[in-house]
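Student: Provided below for reference: sequence and predicted model.
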Amino acid sequence: MTAMQKLKLPTVLVVDDEVRSLEALRRTLEEDFEVFTAASAEQAQAVMEREWVQIIVCDQRMPGMTGVEFLKGVRSQWPDTLRIILSGYTEAEDIIAGVNEAGIYQYLMKPWQPDQLLLTLQAAANVYRLQQENQRLSVELRAAEPVLAKRVEMKYERVKREFGLDGLIRTTKSPLNTVCELVQKIAPYDLSVLITGESGTGKEMLARAIHYQSRRAERAFVIENCGALPDQLLEAELFGYKRGAFTGAYEDRVGRFQQADGGTIFLDEIGETSPAFQVKLLRVLQEGEFRPLGAPRPVSVDVRVVAATNRDLEADVRAGRFREDLFYRLATVTMHVPPLRERPMDIPLLAGRLLEASQRALGKSADGFTNEALACIAAYRWPGNVRELQNEILRMLALSDTPRLGADLLAPRILRTPAVDQQEDELLLLVGGEGGLKERMDALEARVVKETMIRNRWNKSKAAVELGLSRVGLRNKLVRYGLERG
């Protein structure tokens with residue numbers, strides 16, 4: 001065994017007044033331990049004062065001081081050292097004193113078996129190692145507490161920036177600014193909020209902003225899509241259940257309302273719930289308590305409710321599809337998220353932010369959009385709103401093989417000619433603009449040619465067929481209007 005290997009071995013002190021027993025113990029243990037020996041408690045005390053001993057194996061009956069008496073002193077002076085009594089006698093008083101006064105780890109009987117002794121001491125060495133590791137980690141955690149607290153605070157501030165009002169991407173002239181001003185006014189107060197708007201407009205983002213602007217910001221923000229589940233499953237998700245409440249309930253489960261206690265719960269697609277479920281939800285909002293499925297007693301919670309819908313709930317109330325009392329409970333404050341087509345000024349900025357997020361998601365980089373691509377993106381009406389724009393940018397980035405994302409990567413539906421399909425007001429401005437008839441007609445023709453080329457991904461043959469021109473005629477117009485690409 002090398003010196004380095006020996007240094008790594010756990011240390012044991014064997015104390016016994018019988019020389020033969022002492023030597024037998026040494027021979028048994030020396031392969032696995034660094035062994036010190038002592039023939040009396042006094043010698044053992046001297047060893048303890050100069051060596052780092054992890055385990056003591058001590059005979060109980062020795063001249064002068066007994067094993068228990070010696071180990072009581074060891075416990076006081078070196079409390080981390082594990083203490084083992086080795087005795088040929090089984091007096092109950094000795095065993096009780098060893099446990100109560102000396103705090104012994106094990107009480108072994110003579111004659112001892114080598115294998116059993118080794119296993120006991122190896123287990124003791126492992127316990128000692130774990131004790132030391134636990135102490136070291138405790139010290140490090142105490143030292144690290146201020147650092148960890150600072151890190152948590154920094155991450156919390158980052159979350160607030162990302163999911164607060166700063167995370168709602170908009171320009172200074174955006175209609176979304178009016179909504180954000182309302183959020184700042186009502187967020188600090190525990191008022192229920194109903195958010196309306198088309199699918200994909202960012203209602204969940206707005207709900208998060210309300211939460212992180214509120215006094216509940218340090219507690220949980222919990223989401224449930226009420227339109228995705230039938231009544232029984234929705235009830236189980238929101239209110240939880242006890243084991244055995246229904247087939248498949250193999251364990252207790254905490255519901256979303258209980259998870260959100262002290263924080264905010266966001267109920268998306270609230271308009272899709274059935275009248276029967278609306279009754280149960282109304283009781284929670286009125287009483288602040290609910291009964292988990294199969295539970296003997298109700299559970300009280302303190303939760304702020306923010307709900308969202310893409311339906312006209314007032315019309316549903318008039319038609320009897322949605323409870324009027326629940327509507328007024330939810331709609332203490334109502335705010336509407338405008339669709340993307342009503343905030344065209346936000347689209348270029350939003351597209352840039354979504355491209356940054358897409359690059360992180362796909363692990364692929366890009367230098368932005370070409371002017372043609374941005375023009376097409378800004379002109380499209382985005383019926384699927386922000387979600388549709390996000391998916392389109394993800395697809396463009398995945399398909400791209402150039403640094404900048406061009407219009408040729410856009411889906412065909414986005415490449416429709418906006419001057420013909422959707423931008424009648426722009427067309428009127430173009431036709432009624434400055435200049436003579438010829439200049440205005442040339443400007444209109446140039447735009448139609450350019451948009452046709454973009455839609456056909458600059459395939460001249462296809463564009464010529466669509467425009468009713470020959471390839472030569474199309475090329476002449478491209479040159480004339482400065483649209484020819486190198």
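Tutor: Arrived safely, thanks for sending. Numbers count the residues shown, from 1 in each chain.
Student: ok, and the closest non-adjacent residue to residue 51?
Tutor: residue 36 (5.9 Å; C-beta to C-beta, 6 or more residues apart in numbering). In this view, the C-beta of every residue, glycine as well, is placed from N, C-alpha and C.
Student: What is the neighbour count of the one you found?
Tutor: 19 (other C-beta atoms under 10 Å).
Student: Show me what it is bridged to.
Tutor: residue 13 (DSSP bridges).
Student: shouldn't it be in contact with residue 52?
Tutor: No - in this structure, residue 36 is not within contact of residue 52 by C-beta atoms under 8 Å, at 10.2 Å.
Student: shared neighbours of these two, anything?
Tutor: Residues touching both residue 36 and residue 52 (C-beta atoms under 8 Å, 6 or more residues apart in numbering) are residue 11.
Student: Give the full set of residues in contact with residue 117.
Tutor: By C-beta under 8 Å, 6+ apart, the neighbours of residue 117 are 25, 28-29, 108.
Student: Try it again at 10 Å.
Tutor: Contacts for residue 117 (C-beta atoms under 10 Å, 6 or more residues apart in numbering) come out as 25, 28-29, 57, 84, 86, 106, 108.
Student: tell me which element it falls in.
Tutor: Element membership for residue 117 (DSSP states H and E) is helix 114-163.
Student: Tell me the helices and strands packed up against whichever helix or strand comes after that helix.
Tutor: Where DSSP H and E defines the elements, the next helix or strand beyond helix 114-163 is helix 176-186. Contact analysis of helix 176-186 by 3 or more C-beta pairs under 10 Å, 6 or more residues apart in numbering; DSSP states H and E lists strand 193-196, helix 203-212, strand 333-336 as its packing neighbours.
Student: Please repeat the previous calculation with a cut-off of 6 Å.
Tutor: With contacts defined as 3 or more C-beta pairs under 6 Å, 6 or more residues apart in numbering; DSSP states H and E, helix 176-186 has these neighbours: strand 333-336.
Student: How far does the strand it packs on sit from its chain's centre?
Tutor: 28 Å (C-alpha atoms, centre = their mean, to the nearest Å).
Student: Spell out which strands sit alongside it in the sheet and which way each one runs.
Tutor: strand 193-196 (parallel).
Student: So what touches the partner strand?
Tutor: Contacting residues not belonging to strand 193-196 are listed as 203, 206, 306-309, 330-331, 333-336 [C-beta atoms under 6 Å, 6 or more residues apart in numbering].
Student: if you set the cut-off to 7 Å instead, what comes out?
Tutor: 186, 203, 206-207, 210, 306-309, 330-337 (C-beta atoms under 7 Å, 6 or more residues apart in numbering).
Student: which of those count as buried?
Tutor: Listed as buried from the contacts of strand 193-196 are 186, 203, 206-207, 210, 306-309, 330-331, 333, 335-337; burial here means 16 or more other C-beta atoms under 10 Å.
Student: Between all of those, which two are at the greatest distance?
Tutor: 186 and 309 (18.1 Å; C-beta to C-beta).
Student: Please report how far residue 395 lies from residue 469.
Tutor: 31 Å (C-beta to C-beta, to the nearest Å).
Student: Give the residue from the two that has the larger number of neighbours.
Tutor: Shown here are residue 395 and residue 469; by other C-beta under 10 Å, residue 469 has more neighbours (17 against 14).
Student: Can you classify that one by secondary structure?
Tutor: State at residue 469, reduced to three classes by DSSP: H, G, I helix; E, B strand; the rest coil: coil.
Student: Next, count neighbours for the residue lying closest to residue 455 once chain neighbours are set aside.
Tutor: Closest residue to residue 455 apart from its sequence neighbours, by C-beta to C-beta, 6+ apart: residue 415 at 3.8 Å. Look at residue 415: counted by other C-beta under 10 Å, it has 20 neighbours.
Student: Kindly report the same for residue 46.
Tutor: The burial count for residue 46: 12, using other C-beta under 10 Å.
Student: Would you agree residue 238 is in contact with residue 257?
Tutor: Yes - Residue 238 lies in contact with residue 257 (C-beta atoms under 7 Å); the separation is 5.7 Å.
Student: what residues are up against residue 407?
Tutor: Here residue 407 is in contact with 370, 372-373, 376, 415, 454 (criterion: C-beta under 7 Å, 6+ apart).
Student: I'd like to know how far it sits from residue 321.
Tutor: Taken as C-beta to C-beta, the span from residue 407 to residue 321 is 44 Å.
Student: same check, this time on residue 307
Tutor: Taking C-beta to C-beta, one finds residue 307 at 15 Å from residue 321.
Student: ok, and the closest non-adjacent residue to residue 359?
Tutor: Nearest non-adjacent residue to residue 359 (C-beta to C-beta, 6+ apart): residue 365, at 5.6 Å.
Student: right, and the secondary structure at the one you found would be what?
Tutor: Once three-state DSSP is applied, residue 365 turns out coil.
Student: Hmm, it is touching residue 358, no?
Tutor: No - taking C-beta under 7 Å as the definition, residue 365 is not a contact partner of residue 358, at 10.3 Å.
Student: residues near residue 227, how many?
Tutor: 16.
Student: Show the contacting residues for it.
Tutor: Counting by C-beta under 7 Å, 6+ apart, residue 227 has contacts 269, 272.
Student: Would you agree it falls within a strand?
Tutor: No - counting by three-state DSSP, residue 227 falls outside a strand, being coil.
Student: one step back: want to throw the contacts of residue 407 into TSV with distance to residue 232, secondary structure and pLDDT?
Tutor: As requested, the contacts of residue 407 are exported to TSV (distance: C-beta to C-beta, whole Å; DSSP: H, G, I helix; E, B strand; the rest coil; pLDDT from 0 to 100):
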residue	distance to residue 232	secondary structure	pLDDT
370	52	coil	90
372	52	helix	84
373	48	helix	88
376	47	helix	85
415	46	helix	76
454	51	helix	77
